[in-house]
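>>> Sequence plus predicted model, see below.
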Amino acid sequence: MTRYVMVADLRRCVGCQTCTAACRHTNATPPGVQWRRVIDVEVGEYPDVQRAFMPVGCMHCADPPCMAVCPSTATRKRDDGIVTIDWDICIGCAYCSVACPYQARYKVDKADFAYGADAAENEAEQYDPRKLGVSTKCNFCADRIDEGCAKGLTPGVDPEATPACVNSCIADALHFGDIEDPKSNVSKMLKEHKNFRMHEDLGTDPGFYYLWD
Amino acid sequence: MKFVSRKFRTQADRVDKKVKTFCYQCVAGPDLLTVNVRNGVAVGIEPDLSAASVHPGGGKVCVKAFGIVQKAYHPNRVLTPMKRTNPNKGRHEDPGFVPITWDEAMDIIADKLNGVRATGLLDESGYPRVAFSSGGGGTPQSYMGSLPAFLAAWGPVDFGIGSGQGVKCTHSEHLYGELWHRAFTVAADTPLTLYNVSFGANIEASGGVCGVWRHANARDRGMKRVQIEPALSITGACSAEWVPIRPKTDPAFMYAMIHVALYEHPREALDIPFLKDRTGSPYLIAPDGFFLRDKKTKKPLLWDLKTKKAVPFDTPGTDPALEGTFKVSGLEVGVDGAATEHKNIECRPAFSHLLDHVANCTPEWAAKICDVPVDTIRRVANEFVANAHVGETIEIEGQVLPYRPIAVTLGKTVNNGWGGYECCWARTLLATLFGALEVPGGTLGTTVRLNKPLDDRMGSLAPSPEGFLDYPMNPTDKENWVSRPNIRNAYRTLVPLSGNSSWSPALGPTHLAWMFQEEPPKNLPKPTQPDVWFVYRTNPAISAWDAPGVARKISRFPFVVAFAFTMDETNHMADVLLPDCVDIESTQLWRVGGTKYVEQFWHYHGFALRQAAIEARGESRDFTDIATELAERTGLRDAYNNRINRGGLGVRLKDKGGKYDFSLEENKRHSKEEIWDAVCRAASSELTGGKNSDGLDWYKENGLKTEPFSQVNWYLYPKMVEMGLRFEMPYQERLLRVGKQLANRLHEHGIDWWEKQLTEYQALPAWKDFPGMWEEDARISSGGEDFPFWLLTSRSMQYAWGNNVALQMIKEVADNVAGHGGIIINAGRAAELGIGEGDLIEVRSSLRSTKGMAILRQGIRPDTILMIGQFDHWKTPYAKNLHTPSMNTVTPMSMRLTDATGSSSDLVRVQVRRIGEAA
């Protein structure tokens, strides 16, 4: 079996948002829709303060709460662990958005562009009306993975088969791969470093790991 | 716009062309990328991972590059030439811009330029009638096509009317860095450093891809970085430790580190052989503070412990004394050539003087100044010493070099303005004491901009008579001092250290060009306005201190030509707007690799092509076409082509050794393709010693051509040893002399307004009450009011130098980083003042006030507030609706706060009060 997961190395992430921008470009998401983003966290009280940057997005849970509440079966989980949304089936009820503990889902009801109602040429070229009125989120660039795998490439190793956010990361903080393969890059990293997953206590079994030591 | 519903497409068929190019929007680049194009439209940016093995940042580009697409298709982009119809200029005047043809625009500009040529290139004050300003730390050159060749062909041009560069840059570091170790910018040897003490160096926000990449790797392998700064920056967040320090007290912390090294550790902890043989530490100091020299050769003397006598510094086989008092005779050469012969006087080496100099700079002393616990200062100092690895070596490409994995790095506001000299001196000295200067793991320079040749740092090394690195000081001797400034900021007259390279005008006291407009300097020529002012990729009406005041002064400039992306606060005052192609529409070859600014240390060097990925939109034109047209219309065709042939575009088209010749015919007009094909062929030939002459088409396909660059060339040390040179540390005899001579010259000419600046020229710089200078300035300017807060700024990676405040996507992603869009204030202090999250607060300096939304954070000192970036736009589309305040609005231009290098700091004393509730 294969389960693709993302690993974010918090020791390396600088919160630059290059991944956020790369995702926006690659997936042509409308303004404000950030399937990948990095949050800026501050803990402690002056002068004992720590600040950290955490990439977030869909955690591709093994037991995704969003899927459980989806009345139309639009949200599904692939055999490789990637949680997807079929926009042809999604009815836009947004139950999933409410159910997701990671605030990873977006729903846009009307066409919106960077500078108002009119699309710039680049936006018009990428406009996809099927994304309106439905739930959207990170899909680990599934089509990229599928295309890459079809060419015999390895996700997380070969850029052509790897999510755009990972390819773009200037701190080499984001990594992607098959956690079921003990020899994979991500398996090795998780073995060598202390790590955690967000809201693990909720039992969602998220597929997004954070290295911290 | 009518949309065609598309069938779901896979990533692969979303793109039908990937075009290789580069991003050089900030000095931390250039970095490599591909533009994804579909149906002739740019739809995305990706890193150029095919270059991962060559580029020191894995072939990646930062977030800013992703804004280029939105920039190209911005709805408010200026897409036709325009002329002003309202002769009245000012913020509240409607310029009445109307579209015109390129032909008409060029007619208007050429008419003005030809008028200038007919009248004389210099005005009645001796200043160039034509001025050109650009921003971005010199990076606009990589977008200007062949315009530099036109400007060179033109003759005298004033490049020193500043927009921030020269005074808001790491200014003291530029000047002193080049003096001491050919370091226009200074970096840690991050891949090998173990311990990095960073005083506000916000490398994770300002170091670009290579900086982020290298430091992430360093953290991963265990490098410890201590970040010392008033507000917890991005870099502070990524550091092992954050030490909040009172603004402008950094020199005291570093002096205490020096004290600990010299007084709390055995001498053996230092690199004694390095100090004796590679520095001026053993040079004997005569009674008036100058070196004691050999009477015959005038070489500085040192005391040889072997022969027990004073000998010239370069006497072979000596064992120089670092400490002690010796009875010696010799010559002391002081100011303006005055020489005194000394016989049997007591002299001590420079190192002994250093010991005295820092004797009282204990951690206990510094703790009170810096508002940092004494234990922290002492611990950091001790950790620094413990990581020095004195005596160890490392093999780099077969060469055994010293290994000293410690480095102090400095950020902006620390390394410019008053205190900048002291910080740069202390940082360089801390490296020197342990032999960690210009060796693996230590403190390194990157490139040269004041020394020549600009593209060969190692080639710029030459000996001074004292055995140090020679330096192209502007003359201060009676015969050669430049009493009449060649440009309006008077850099050659006032700042010896700024040198006189092509970069020097922009590295002088560039704000003086603005200040003098309304406050004429006594006994210098009358300040004038340029007849023609070109502006490109800069917006001084926003980016200069006292931005509203600068806007007012710009409005009086008689004729302004602005290359315009959108309307903005500066081109609002322009007479003609010219739409140049944006990044992905135009062509230019650029030198990459080797060692460049910030953290760009490559194992390769060569050339990369920026090329048009899409057709130029509207009437926008490639800069090379614009420059060629200007040359044609001003009768400068031959001179323009000649300048291109002579290397005006970064590469000489004809090899001096006769290996290749791609020179353009000088009396013929050439297309941009012909010009860049010739440049590409010459570049390929230069790189390969004439073996390869790939042209423009090859670069369009491949993007980049490189050859290996030895890592040994990252380090000055081997070459210094080879040439028998010493680092000019710790004692600054040359600066002492230069300062006194400059004082003489100024006083002879009745110039008495540069007195405070003259105090900076000290052989061993002493701590001064630097914070007090700002407090005093605010008090005097306001008539005695109290301003209890420090206002600082901080780098935004998303915005800095990108000319991208009009880009929605940049704003959107930048907003994920705390502090954008408002004013960061300590949460505890805010509570005391009744200020809540999001409340509207007024920030008032002695100059004026501004306002913005309060952002409450714990990671900032209670006496400090912070505004990220440079905003407060009132004309730039999109940005003008952000209501983001800028410290430039409230920061005065002040002669009192201008240091000897002609710089000050992004720092101002302010009052803060709540004026409204959160929206």
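Arrived safely. Owing to the predicted nature of the structure, the values given are computational and were not obtained by experimental measurement.
>>> Tell me who's in contact with the closest residue to chain A within the stretch 651-800 of chain B.
Closest contact between the stretch 651-800 of chain B and chain A, by C-beta to the nearest C-beta, is at B:M797 (5.3 Å). Using the backbone N, CA and C atoms, a C-beta is placed for each residue, glycine as well. Contact analysis of B:M797 by C-beta atoms under 8 Å, 6 or more residues apart in numbering or on different chains lists A:C16, B:C62, B:V63, B:K64, B:E204, B:A205, B:S206, B:I234.
>>> Correct me if wrong: the third one contacts A:H25.
Spelled out, it's B:V63. No: checked against C-beta atoms under 8 Å, the pair B:V63 and A:H25 is beyond contact range at 10.8 Å.
>>> Neighbour count: the two, which is higher?
In terms of neighbours (other C-beta atoms under 10 Å in any protein chain shown), B:V63 is the more surrounded of B:V63 and A:H25; the figures are 27 against 23.
>>> List the contacts of the more buried one.
Contacts of B:V63 by C-beta under 8 Å, 6+ apart are A:C16, A:Q17, A:T18, A:T20, A:A21, B:M797, B:Q798, B:I810, B:V813.
>>> Just give the nearest non-adjacent residue to it, would you?
In space, and not counting its chain neighbours, B:V63 is closest to A:T18: 4.3 Å by C-beta to C-beta, 6 or more residues apart in numbering or on different chains.
>>> Give me the below-cutoff pLDDT ranges for chain B.
Scanning chain B for pLDDT under 70 picks out the ranges B:1-13, B:165-166.
>>> Now do stretch A:177-186, average pLDDT.
Mean pLDDT, computed over stretch A:177-186, is 98.
>>> And for stretch A:69-81?
For stretch A:69-81, mean pLDDT is 97.
>>> Now do that stretch: distance to the chain's middle.
Offset of stretch A:69-81 from its chain centre (C-alpha atoms, centre = their mean, to the nearest Å): 15 Å.
>>> so where does B:G317 fall, helix or strand?
Secondary structure assignment for B:G317, by DSSP states H and E: no helix or strand.
>>> list the contacts for it?
By C-beta under 8 Å, 6+ apart, B:G317 lies in contact with B:K306.
>>> same thing but 10 Å
Residues near B:G317 by C-beta atoms under 10 Å, 6 or more residues apart in numbering or on different chains: B:D304, B:K306, B:T307, B:V311.
>>> Turn these into a markdown table, columns for secondary structure.
A markdown table is the format used below for those (DSSP: H, G, I helix; E, B strand; the rest coil):
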| residue | secondary structure |
| --- | --- |
| B:D304 | strand |
| B:K306 | coil |
| B:T307 | coil |
| B:V311 | strand |
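>>> Drop anything exposed from those residues.
Buried by 16 or more other C-beta atoms under 10 Å in any protein chain shown: B:D304, B:V311, out of the contacts of B:G317.
>>> And the furthest pair within the contacts of B:G317?
Across the contacts of B:G317, no pair lies farther apart than B:K306 and B:V311, at 9.6 Å, counting by C-beta to C-beta.
>>> residues shared between the contacts of the two?
B:G317, B:T318, B:P320.
>>> Could you check how many residues crowd around the residue nearest to the last one when sequence neighbours are not counted?
Across the structure, with C-beta to C-beta, 6+ apart as the measure, the residue nearest B:P320 apart from its sequence neighbours is B:P282 (3.4 Å). B:P282: 26 surrounding residues under other C-beta under 10 Å.
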